[in-house]
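In: fold the following, please.
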Amino acid sequence: MFQRLEPIQTDTILSLMAAFRADTHPQKVDLGVGVYRNERGETPVCDAVRRAEAAVLARQSTKTYVAAAGNPGFNTAMQRLVLGEAHPATSAGRVCTIQAVGGCGALRLGAELVRLASPDCAVHVSTPTWGNHVPLLSNCGLRLERYPYLDAATGGVQFAAMLAALERLPAGAVVLLHACCHNPTGADLSEAQWRQLLVLFKERSLLPFIDLAYQGLGVGVPEDAFGVRLFAAELPEVLVAVSCSKSFGLYRERTGALHVINETPAAAEAVLSRLVRIARGLYSMPPDHGAAIVAEILSHDGLRESWLQELGEMRSRIEGLRQAAVQQLAQSCPWRDFGFIARQRGMFSYLGITAEQVRELRMHHHIYMTEDSRINVVGLQGASLAYFARALAEVVRE
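Out: Modelled structure (predicted):
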C-alpha cells in the first residue's frame, strides 16, 4: 500500500532549520525560526511558568482526563485574558471556549466549525499571511481567497485596498484577521482601522475569524486584544483562535483555545457541543499540562504579576532590537529606507528583498530567512546585527 507513496517537499521552515543546524560557519545567523529568543539565543522558560509548574505538579494526584472541552479553569482564565474581566459578551453568556492543541489546533477547530455550518463558504486571508494558515484552514475542505494587506512601499497596511476588497464580499463570508503582531509582516491595524472594519463587517454581515497568537508582545495585553474585544462586543458572531506558545513560552506544550462569540446563550451551548464532537473526532481529549500552568498563573496574583513583567521585558527587548536594526541599517545601507521595521510590532518583519537576494544571503553570508524575506527580529542581537546589516547592504547595493 505505502510503497506507491512518493516523498513530498519538506516544510520550508523545517528545511531552513535543518540547513541552519548543519551550517558550521561561526557567524551564521538564524532569522527564520519563529520563536522568541533571549540575548544568549535561548528560548527561556519564564520564571512564572517554572513556579506554576512546580505548584501544579506538587498537588497533582492523577493523570486521568480532565474534560472533553479542556481544563475549565484554563478556559475561564483565557476568556478573561482575551476579552477582559467584564466583557459584555461574557456577561451575556454568549461566549463558549474549548481548549485546543495550540493555536494551530484552535484554528483547525474553528475551520471545522465553519465547514460544518457552511460547507461552501470561503475564508479570506491577508496577502501575505502566515504560511501554516493555508493548510490548517484548507485541509478541512474550505476554499481560501485572498485580500490585499501589506503595502510593500511603506511596510504598513494598504488599508484602502483592503477595505475595497472586503466591501465586495458576499454576506456570510469569513475573514481571517491577525489581532496583533501580524505574521509574517509585523504591520498591524490601528484602533481607528479596527473601528472602520467593524462598520464594514456590520454592513456586509461578515464573520471575523481572528488569530491572536502574540497577545502582550505588540503594545500590551489589553491593547493587543483591542480588535477582538471591539468585535466581540458589537458583532453577533466572532471566532477567536488563541495561542499560549509565544506569550507564555509554552511552545512544546501545545496550549491554546478557541473562543466563539455567539448571538445567544443557547447558540453558545449548541456550538460548544459541536466543537466537543469535532475535537473528539480529531484527537479525543486535549493535553492538560500547559493549560494547568496557564490557569495557575492567571489565577494567582503573584504569578500573574511576575508573568506580566517578564512579558513586558520580552516586548521591550523586541522594540529595542527593531530600533537598533533601523539605526544599523541606516549606517550600512543609507540608500535604502528600512525605517518601517521600527514602526512594526512583534517578532516578524518583511525586508522586501527578492528570493534571489535571500538565497545570496544564505549561501554567501550564512544568514537564514524564509525566501519571502520574512525575518524574526530577535535573531538580530549583539555582533550579528552589524554583520547582518553589512551583508544586506552588499546584497542590495545599488
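In: so which residues of the protein form strands?
Out: 29-30, 95-101, 122-127, 143-148, 150-151, 156-157, 174-178, 207-212, 238-243, 255-261, 348-350, 367-368, 374-376 (DSSP state E).
In: just say which of those is most tucked in.
Out: Ranked by mean neighbour count, the strands of the chain are led by strand 255-261 with a mean of 28 (mean count of other CB atoms under 10 Å). C-beta coordinates here come from the backbone N, C-alpha and C atoms, glycine included.
In: who does that one pair up with?
Out: If you go by DSSP bridges, strand 255-261 pairs up with strand 95-101 (antiparallel), strand 238-243 (antiparallel).
In: quick revisit: mind putting the strands of the chain in JSON lines, distance to A86 and mean pLDDT included?
Out: Converted to JSON lines, the strands of the chain look like this (distance: least, CB to CB, whole Å; pLDDT from 0 to 100):
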{"stretch": "strand 29-30", "distance to A86": "43", "mean pLDDT": "94"}
{"stretch": "strand 95-101", "distance to A86": "12", "mean pLDDT": "98"}
{"stretch": "strand 122-127", "distance to A86": "31", "mean pLDDT": "98"}
{"stretch": "strand 143-148", "distance to A86": "33", "mean pLDDT": "97"}
{"stretch": "strand 150-151", "distance to A86": "36", "mean pLDDT": "96"}
{"stretch": "strand 156-157", "distance to A86": "31", "mean pLDDT": "97"}
{"stretch": "strand 174-178", "distance to A86": "24", "mean pLDDT": "98"}
{"stretch": "strand 207-212", "distance to A86": "19", "mean pLDDT": "98"}
{"stretch": "strand 238-243", "distance to A86": "17", "mean pLDDT": "98"}
{"stretch": "strand 255-261", "distance to A86": "15", "mean pLDDT": "98"}
{"stretch": "strand 348-350", "distance to A86": "33", "mean pLDDT": "95"}
{"stretch": "strand 367-368", "distance to A86": "46", "mean pLDDT": "96"}
{"stretch": "strand 374-376", "distance to A86": "36", "mean pLDDT": "95"}
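In: with distance to M314 added, can I get those strands in a markdown table?
Out: Shown next, in a markdown table, are those (distance: least, CB to CB, whole Å):
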| stretch | distance to M314 |
| --- | --- |
| strand 29-30 | 18 |
| strand 95-101 | 23 |
| strand 122-127 | 25 |
| strand 143-148 | 31 |
| strand 150-151 | 24 |
| strand 156-157 | 24 |
| strand 174-178 | 19 |
| strand 207-212 | 16 |
| strand 238-243 | 15 |
| strand 255-261 | 17 |
| strand 348-350 | 14 |
| strand 367-368 | 22 |
| strand 374-376 | 13 |
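In: out of these, flag the one nearest S332.
Out: S332 lies closest to strand 367-368 among the strands of the chain, at 13.4 Å (CB to CB).
In: quick revisit: between the strands paired with strand 255-261, which one is closest to D151.
Out: Here strand 238-243 is closest among these (CB to CB), at 25.4 Å.
In: run a quick neighbour tally on D301.
Out: By the criterion of other CB atoms under 10 Å, D301 has 8 neighbours.
In: low-scoring stretches of the stretch 51-200 of the chain, by residue?
Out: Applying pLDDT under 70 to the stretch 51-200 of the chain flags no residue at all.
In: out of the strands of the chain, nearest to D47?
Out: That would be strand 255-261 among these, by CB to CB, at 17.7 Å.
In: and the angle from the closest one to strand 207-212?
Out: Between strand 255-261 and strand 207-212, the angle comes out at 150 degrees (axes from the mean of the first three to the mean of the last three CA atoms, to 10 degrees).
In: now strand 255-261: how far from the chain's centre is it?
Out: Relative to its parent chain, strand 255-261 has a centroid offset of 13 Å by CA atoms, centre = their mean, to the nearest Å.
In: returning to that earlier point: how about the strands of the chain, which one is nearest E191?
Out: strand 156-157 (12.9 Å).
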